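Student: pasting a predicted model and its sequence here:
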Amino acid sequence: FEPDLAGGVAGQHFLEEADHDLRRLEAGHERTNGFAKIFPKALTARSDGPLADLKFVAKDMYALAGHENHFGSNLRLGPAGRHAFVLAQLLGEGARLSGMAKMNEMALGPHGFNELDGHVLNPIAPEYLPGGSSSGTGALIADGAVDFGLGSDTAGSIRIPAHCCGIVGYKPSHGIMSRRGTMTLCPGLDVVGPLARNMEVMLRVVPSMLRDDPRDHDQHALAALDGPIGPKRPTRIGYFPALLAQCPERTSKAIEDVATMATAHGVEMVALEGHPFAHLARAAIAFQSAEAYGTHRDHLDGELIHDVTVRQRMQHGAGFAHADHLLLAKARDLALVQWQDHYASFDALIMPCMPIEIPTRQAYEDADPDGRMSLVGGITSLSRPVNYLRLPSIALPLPQLGSLPHGMQLVGHYRDDVALLGMAAWMEAELLSA
């Protein structure tokens, strides 16, 4: 572990250096192994900006001018020439970048293990996985070293660390937030987004991240916000008892308690029969495999991809022809239309982030490659379908019933992210902070 001397970055790329508590950051790293780089001085572009009181980290796949990303891998592309768009927006609002956070290799893995950079530790439950692939970001926020952080989400990589570490994670609707200057894994599924210690911080940082980037032709930004995002009580929410029955008892009870409290606050809570997530998860795996292989097949030669499980998951996509990918994309478009039509009368749906208990680090370490693949499938089975459908989702921490953190997903309508953020803020304040 070597702190990155970032003075040249600030001097050459119009960034200011600001004092920060280096000992506090180093102590957080000792507890989490979460930093890929700690900067000796915090970096910002505006010392008096509205976010100047907030410290943050960026997953080591966000371009920072003058810094070379490692992507949790052996891949090296040289120092970046400019900042990633959303990172530049936050720096421009005065947020203070403390360093770069570790990640699963090539952003492919929900567990926090990385044999190249060292495994990230869960500061709330050290014997258990911290989640991934935005593992360092989630762990450092949960530790209190920073206030928020930047992650990415292709199959749950923001929401799973939020669930495992007891923090908030926001996966935007696909395409509304610029990904320019970040690593691509699966362009049809990838989103960037923030994790934060609570919804108050989340609502402060999201507006600048939602800005239109005229140079990102894959972005389809929302209309400009006409004011701050505030809490908003939902009217009608659906939930799936069949999903709760599959979950750890402590999580199902906590979500049922949330539903009871919401009803007491005048929210109509509707129990929905069955659930469609098993077949959606299978379709999402096929779609992700095809895109990940198409994006990174040239990196599968040699030692650029170190993790056997990552290599296996990418190689699986070699069996899909271009025509297969087009069919998968058309099937996804139809699935989104059907979903939106079926659940149009609900403001949002609540569901668990994971249907299984957080695995222990030892269980993952002891598993063979097939066993690890099985754990990955279980961890992502309820987050992955949301990416497939392009929907927005916010992971909110549930009250702990025992020693482990856990969370739930609040899933909204496609491109109705502002309403979802307001509902999540209301639920945290009225139902989850009691």
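Tutor: Cool, the structure landed.
Student: if we ignore the residues flanking it in sequence, what's nearest Ser134?
Tutor: Leaving aside its chain neighbours, Ser134 sits nearest to Gly151 (3.0 Å; criterion: CB to CB, 6 or more residues apart in numbering). In this view, the C-beta of every residue, glycine as well, is placed from N, C-alpha and C.
Student: burial count for the one you found?
Tutor: 35 (other CB atoms under 10 Å).
Student: also Glu30?
Tutor: The tally of other residues near Glu30 (other CB under 10 Å) stands at 13.
Student: tell me how far it lies from Asp212.
Tutor: Distance, Glu30 to Asp212, using CB to CB, to the nearest Å: 41 Å.
Student: likewise for Leu300?
Tutor: From Leu300 to Asp212 the distance is 35 Å (CB to CB).
Student: ok, now Asn74?
Tutor: Asn74 is 35 Å from Asp212, by CB to CB.
Student: where does the most centrally placed residue in the chain land on pLDDT?
Tutor: The chain has Ile158 as the residue nearest its centroid, 1.4 Å off, counting by CA atoms, centre = their mean. Note for Ile158: predicted pLDDT of 98.
Student: go on, Glu291?
Tutor: 95.
Student: next: Gly11.
Tutor: pLDDT, read off for Gly11, is 42.
Student: and for the one 10 residues further on?
Tutor: We have a pLDDT of 95 for Asp21.
Student: and it, what does it touch?
Tutor: Asp21 is in contact with no residue at all, counting by CB atoms under 8 Å, 6 or more residues apart in numbering.
Student: list phi and psi for the residue nearest to Ser134.
Tutor: Phi and psi for Gly151, reported as degrees, to the nearest 10, are phi -130, psi -170.
Student: residue contacts, it?
Tutor: By CB under 8 Å, 6+ apart, the residues touching Gly151 are 59, 133-134, 137-138, 157-158, 161, 169, 192-195.
Student: kindly state the beta-bridge partners for it.
Tutor: Beta-bridge pairing for Gly151 (DSSP bridges): Gly193.
Student: from Lys171, how far off is Leu203?
Tutor: Distance of Leu203 to Lys171, given as CB to CB: 16 Å.
Student: top strand in the protein by residue count?
Tutor: What stands out as the longest strand in the chain, according to DSSP state E, is strand 35-44.
Student: now do that strand: distance to the chain's middle.
Tutor: Taking CA atoms, centre = their mean, to the nearest Å, one finds strand 35-44 lying 21 Å from the centre of the chain it belongs to.
Student: direction included, what does it pair up with?
Tutor: strand 16-18 (antiparallel), strand 96-101 (antiparallel).
Student: Ile141 versus the residue nearest to the centre of the chain, what's the distance?
Tutor: Ile158 is 11 Å from Ile141, by CB to CB.
Student: joint contacts of the two?
Tutor: Common neighbours of Ile158 and Ile141, counting by CB under 8 Å, 6+ apart, are Leu195.
Student: all strands for this protein, in order.
Tutor: For the chain, the strands defined by DSSP E occupy 16-18, 35-44, 55-59, 96-101, 148-153, 168-171, 191-196, 236-239, 268-271, 348-352, 393-397, 407-411.
Student: now the third one against strand 96-101, angle please.
Tutor: Calculated by axes from the mean of the first three to the mean of the last three CA atoms, to 10 degrees, strand 55-59 forms an angle of 30 degrees with strand 96-101.
Student: output the below-cut-off pLDDT ranges for this structure.
Tutor: 1-13, 434 (pLDDT under 70).
Student: residue contacts, the closest residue to His316 other than its chain neighbours?
Tutor: Counting by CB to CB, 6+ apart, Ser289 is the residue found nearest to His316 once chain neighbours are left out, at 4.4 Å. Residues near Ser289 by CB under 8 Å, 6+ apart: 313-314, 316-317, 320.
Student: again, but for Asp417
Tutor: Going by CB under 8 Å, 6+ apart, Asp417 touches 172-173, 176, 210, 222, 392.
Student: Gly175 versus that one, what's the distance?
Tutor: For Asp417, the distance to Gly175 equals 11 Å [CB to CB].
Student: what of Arg311?
Tutor: 29 Å.
Student: repeat that for Ile160.
Tutor: 21 Å.
Student: higher neighbour count, the two?
Tutor: Ile160 (34 against 20).
Student: select only the buried ones of the contacts of Asp417 in PyMOL?
Tutor: In PyMOL, a selection of the buried entries from the contacts of Asp417 looks like this (16 or more other CB atoms under 10 Å):
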select buried, resi 172+173+176+210+222+392
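Student: how about Phe320: what's its closest non-neighbour residue?
Tutor: Ala290 (3.8 Å).
Student: dump the residue contacts of the one you found.
Tutor: Ala290 is in contact with 317, 320, 324-325, 328, counting by CB under 8 Å, 6+ apart.
Student: repeat that for Tyr239.
Tutor: 255, 259, 269-272, 349-351.
Student: can you list the buried residues in stretch 371-378?
Tutor: Residues of stretch 371-378 classed as buried: 372-373, 375-376 (neighbour count, 16+ other CB under 10 Å).
Student: in the stretch 1-150 of the chain, which spans are helices?
Tutor: 7-12, 22-32, 85-92, 135-143 (DSSP state H, counting those that start in this stretch).
Student: can you tell me which of those is most buried?
Tutor: Between these, helix 135-143 has the highest mean count of neighbours, a mean of 33, where neighbours are mean count of other CB atoms under 10 Å.
Student: then that one to PDB, C-alphas only?
Tutor: Provided in PDB are the C-alpha atoms of helix 135-143 (Å, rounded to 0.1, in the frame of the first residue of the first chain):
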ATOM      1  CA  SER A 135     -16.300  -2.900  -2.400                       C
ATOM      2  CA  GLY A 136     -13.800  -0.300  -1.300                       C
ATOM      3  CA  THR A 137     -16.300   2.500  -1.800                       C
ATOM      4  CA  GLY A 138     -18.900   0.900   0.400                       C
ATOM      5  CA  ALA A 139     -16.500  -0.200   3.100                       C
ATOM      6  CA  LEU A 140     -14.900   3.200   3.500                       C
ATOM      7  CA  ILE A 141     -18.300   4.900   3.800                       C
ATOM      8  CA  ALA A 142     -19.500   2.400   6.400                       C
ATOM      9  CA  ASP A 143     -16.200   2.900   8.300                       C
END
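Student: gap between that helix and the chain center?
Tutor: 11 Å.
Student: begin at 825, not 1, for the rest of this chat.
Tutor: Understood, numbering begins at 825; the last thing we discussed is helix 959-967.
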